[in-house]
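In: Provide a 3D model corresponding to the input given below.
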Amino acid sequence: FVATITLITISYQNTPISPFLQKMFFHRPGSQSCLPDNLRNRIPSEDMLRRPLTPDDVKSFQSNGVVVLNDILSEEWIAHLRSLFMDVVSSPTLWDIVYTRMVANFYGAQKNIFLHHTSICGKEIALSAPTTLLAAQLLQSNTVRVCEPSEAILNYASENSGHSSWHQDGVYMPFEKKDPGKRAIVRFWIPLLSYEENEMRFQALNNSESCQQERNFDVLGADFLLHEQIERDEAKILPRQILEPRYRPGSIIAFAGDTPHYAEALNCDHHTCPRLILSFSGDNAMYTSGKHTGLLPINDNQTDGLGLQGIQFPQVYPEKIDWEWEPLTPTYGEICRVTFDSFQAGSKAFVGVKLSVVKDYVYRVVVPLFGGMWAIPYLDANGVIKHGFETLSISKHIKSLIYS
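Out: Numbers count the residues shown, from 1 in each chain. This next block holds a predicted model:
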C-alpha cells in the first residue's frame, strides 16, 4: 500500500485528477438551493441575528480561544442550517463516505465534509448566513475564507459509541498565525436540535495563556492514551477550564484552531444529535506546508508564509471571488498524500492504548463498512419529524454516482 501511494505521488503529484474522479469524489448530485431570493447572495448583517455580538464575546474569543454564544441565531437561520444539514446528509459524496469510514466511524459518528465546496445550499450559507459575519467580527478580520473541514455530523449509534480524544484541530489544518497574539481560525459548533447533557457532550478548554500554564499537559493531535491520563490526573483542573454550550438551537460554541476540545455521544438513538461545524479563516492566517492534513486535499496552489487563497479556501466575506468557486480538483499526488496522512494519524492516536480499547474502535468501523450503511435522520427545517433514521445503501448510491 505504501509503495503504491509513493509511486502515484511521485509520478502524478502535480497532475489534477480527471473530471470523472472529480465528480466521483466531490459531486453532490442531489444538492439544492435552500435560501429564498431575498437572502441569496446578500452580504450578511447584524439584523439577521437574534442578538448582536458583544465586545465581551470578541474579547473572550481572542483571549481564551473559545466563547459560548447563547441564543444568537434566529429561528429563520436555524431552519436554513437544518436545510443545509439535510441537503448534504441525504446526498453524500464518495469523499464523505471515505471520510466517515476512516475518521468518524471510530466513535459511532457520520460526517459530511466540504459543505461549501460541494453543496449548492452550502455555498449559499457560506456567502449569506450571519455565521460568516460572526467569523469576521470574532477574528477582527476584513476578509473571511472557508477553511476546511466544515462538517455535518450525526451519531447513528450511542451504545458503546466511543468518543474523540482531547485534541486541537490546528494540527491537521495547513495554517499558522501571522501575528501570534491574534486568532487566525474560528470554528462554530452548532447544535441543530435540543440535547440534554446525558445525550451529547461537547467540551472545549479555556486556552488563555494562564490556563495553559495551569495545565500539566499539551494537547495536539488525537491521542487516546493522553486523553486517559488527562481525565485521570487533571480532575481538579478540568472543571475550572471547561466551557460547554447550551445544547439548544440558536446557540454556538466558537473555538479557535488551537483550542483543545472533545466530543462524545451518550444517547443519540432517537434523533442522531445532528450538528454542524462551520470553519473560517481571517487575515491573520498564513499557509504552512508540512502538516498532516488527513483526507483534506487542500494544499495545492498555496505558498508558505502567504495568506490562504484560491479554490481550496474560497473567500466568502465581504464578497466572493468568482473563480475561487470553481469545482475543487486536487492533484493525484495530493489525494495520495492526505490519504496516507489519515492512516498515519489514525495509527498514532492509539499508541500505548490497551488492545481491548483499540478493538472496540476498530469494531465500530468494520460494522458499517461491511453493512454498507449511511444514516439519514428524519429531520426537516422545523426539527424532528419522527425518531430514528432511514438508511441509504452505499453500494447503490456509489453506482448512482458513477452513472450520473
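
In: who are the packing partners of the strand or helix carrying A345?
Out: Using DSSP states H and E, A345 falls within helix 332-349. Helices and strands touching helix 332-349, by 3 or more CB pairs under 8 Å, 6 or more residues apart in numbering; DSSP states H and E, are helix 2-12, helix 94-102. (Glycine included, C-beta is placed from N, CA and C.)

In: hey, least reliable of those by pLDDT?
Out: Mean pLDDT is lowest for helix 2-12 out of these, coming in at a mean of 64.

In: what comes up buried for the helix holding A345?
Out: 332-342, 345-346, 349 (16 or more other CB atoms under 10 Å).

In: got it, and stretch 381-389?
Out: A381, G383, V384, F389.

In: what about the stretch 1-150 of the chain, any weak spots by pLDDT?
Out: 1-11 (pLDDT under 70).

In: the strands in it, which residues?
Out: Remark: strands assigned in the stretch 1-150 of the chain by DSSP state E, counting those that start in this stretch are 66-69, 109-113, 144-146.

In: hang on, the earlier thing: got the angle for the helix or strand following the helix holding A345 vs strand 109-113?
Out: Going down the chain from helix 332-349, the next helix or strand is helix 355-371, by DSSP H and E. Orientation note: helix 355-371 sits at an angle of 60 degrees relative to strand 109-113 (axes from the mean of the first three to the mean of the last three CA atoms, to 10 degrees).

In: helix 355-371 packs against which elements?
Out: Using 3+ CB pairs under 8 Å, 6+ apart: helix 355-371 touches helix 94-102.

In: what angle sits between the helix it packs on and helix 332-349?
Out: Using the same axes, to 10 degrees: helix 94-102 against helix 332-349 is 20 degrees.

In: show me what helix 94-102 is packed up against.
Out: Helix 94-102 packs on helix 19-26, strand 109-113, helix 332-349, helix 355-371, helix 394-403, going by 3+ CB pairs under 8 Å, 6+ apart.

In: can I get those in TSV including distance to L306?
Out: Formatted as TSV, the helices and strands packed on helix 94-102 follow (distance: least, CB to CB, whole Å):
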stretch	distance to L306
helix 19-26	25
strand 109-113	25
helix 332-349	18
helix 355-371	38
helix 394-403	35
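
In: which of the ones you listed has the lowest average pLDDT?
Out: helix 355-371 (a mean of 73).

In: centre of the chain to that one, how far?
Out: Here helix 355-371 is found 22 Å from its chain centre; the criterion is CA atoms, centre = their mean, to the nearest Å.

In: can you check stretch 231-238 too?
Out: 27 Å.

In: which of the strands of the stretch 1-150 of the chain sits closest to A375?
Out: strand 109-113 (5.7 Å; CB to CB).

In: could you give the angle of the closest one to helix 19-26?
Out: Using the same axes, to 10 degrees: strand 109-113 against helix 19-26 is 140 degrees.

In: walk me through which strands strand 109-113 pairs with, and which way each runs.
Out: Taking DSSP bridges as the criterion, strand 109-113 forms sheet pairs with strand 151-155 (antiparallel).

In: just the buried positions in the strand it pairs with, please.
Out: E151, A152, I153, L154, N155.

In: give the bridge partners for the last one, please.
Out: Assessed by DSSP bridges, N155 has beta-bridge partners A109.

In: contact partners for it?
Out: By CB atoms under 8 Å, 6 or more residues apart in numbering, N155 lies in contact with G108, A109, Q110, S161, M200, A265, C268, T272, C273.

In: I'd like to know how far the last one sits from A265.
Out: Going back to what we said before, that points to C273. 6 Å (CB to CB, to the nearest Å).

In: joint contacts of these two?
Out: Common neighbours of C273 and A265 (CB under 8 Å, 6+ apart) are N155, E199, M200.

In: now the residues you listed in a markdown table, with pLDDT and distance to S141?
Out: Putting those into a markdown table (pLDDT from 0 to 100; distance: CB to CB, whole Å) gives the following:
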| residue | pLDDT | distance to S141 |
| --- | --- | --- |
| N155 | 88 | 33 |
| E199 | 87 | 35 |
| M200 | 88 | 30 |
